[in-house]
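Asker: here is my input, please return the structure:
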Amino acid sequence: MIKHHQYKIILFTALLLTASFSCTKENNESPAPLPVVEAYLSPGQSASVTIAQEILYGSTDTLIPITGLMVQITHEGQTYTLTETNAGRYGSLSMPVTAGGAYRLSFSYNGKEISATTEIPPAPEMVTASATEIVVPQIGPGMQVPDPIRYTWENPDMGYHLMVVKNMETNPSPITFNIGGNVIEKPAPIFRVPPLRSDEQQLSLGRFSYYGRHAVLLYRIQPEYAALYENNSNNSTNLVAPPTNIENGLGIFTGVHAADTMWIQVR
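Answerer: Here you go, the predicted model:
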């Protein structure tokens with residue numbers, strides 16, 4: 001069975017943009033841009049932290065990686081200095097990432113200490129699925145829509161869970177129902193179900209855009225990660241402070257933990 005650490009969580013572009021814009025309105029003197037941190041620690045994966053410069057409100061700049069930092073993560077009294085592997089991306093192959101572990105990120109930027117803390121949650125337990133395939137019906141008289149696949153798991157403390165589904169085909173065939181017409185934009189081969197505090201989730205046929213084999217990952221996540229979804233409502237007339245757990249900065253430093261990969265065949 002393929003383990004969850006072979007896949008990477010990818011945030012919605014909208015969430016990345018929301019986390020990259022300051023809520024500060026225009027004034028006569030613009031504040032110094034803050035660092036924007038993006039880091040998800042998960043057991044079985046090496047630690048990786050991306051740091052870029054905040055895009056101030058009204059600016060036409062693009063995201064600029066912040067290079068040359070001394071980024072450190074402290075775990076169980078030991079401090080690990082991360083190596084810059086690409087511009088603005090810092091990582092460590094030696095730092096253990098374990099369930100229940102507490103971690104503190106820190107670095108200096110513009111004369112201030114930037115810091116954040118998180119813990120790695122336990123993996124979802126006792127995950128079951130009501131089916132492993134969905135059959136796309138033929139359009140016509142007597143057409144029957146297949147029942148959703150129902151996933152259940154143990155969640156006595158009602159922690160947050162996030163489901164990610166990815167089509168694994170090299171060149172997947174889109175589900176069109178033979179309606180015809182031109183496809184303006186191909187759907188992404190991956191989708192996410194927004195986080196919820198529950199012990200079950202359903203995947204209906206309408207969520208899938210392609211035929212073929214799909215990997216299903218159920219992640220236990222921390223509240224600071226769920227907040228990115230719950231507060232993704234910024235627009236040009238409603239600028240509010242983006243959710244963050246970074247002291248003197250923006251973005252997110254959080255722990256996630258997935259159950260073993262599950263599979264769905266759409267045919």
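Asker: could you list the low-pLDDT ranges of the chain?
Answerer: For the chain, the stretches with pLDDT under 70 are 1-30, 56-62, 177-184, 231-241.
Asker: would you map the helices across it?
Answerer: Using DSSP state H, the helices of the chain run over 13-18, 223-230.
Asker: buried residues in the longest one, which are they?
Answerer: I take that to be helix 223-230. For helix 223-230, the neighbour count (16 or more other CB atoms under 10 Å) marks 224-229 as buried. (Glycine included, C-beta is placed from N, CA and C.)
Asker: what of stretch 44-55?
Answerer: 45, 47-55.
Asker: export the residues you listed to TSV and tack on distance to Arg150?
Answerer: Converted to TSV, these look like this (distance: CB to CB, whole Å):
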residue	distance to Arg150
Gln45	29
Ala47	35
Ser48	34
Val49	36
Thr50	36
Ile51	40
Ala52	40
Gln53	44
Glu54	42
Ile55	41
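Asker: return the member of those nearest to Leu93.
Answerer: Leu93 lies nearest to Ala47 out of the buried residues of stretch 44-55, by CB to CB, at 8.2 Å.
Asker: so who does that closest one touch?
Answerer: Ala47 sits next to 39, 41, 73, 80, 82, 91-92, 95, 97 when contact means CB atoms under 8 Å, 6 or more residues apart in numbering.
Asker: burial measure for the closest residue to it other than its chain neighbours, as a count.
Answerer: Excluding the flanking residues, the one nearest Ala47 by CB to CB, 6 or more residues apart in numbering is Ser92, at 4.6 Å. Neighbour count of Ser92, defined by other CB atoms under 10 Å: 19.
Asker: isn't Ser92 right next to Ala39, touching?
Answerer: No - the pair Ser92 / Ala39 is not scored as a contact, 11.2 Å apart, by CB atoms under 8 Å.
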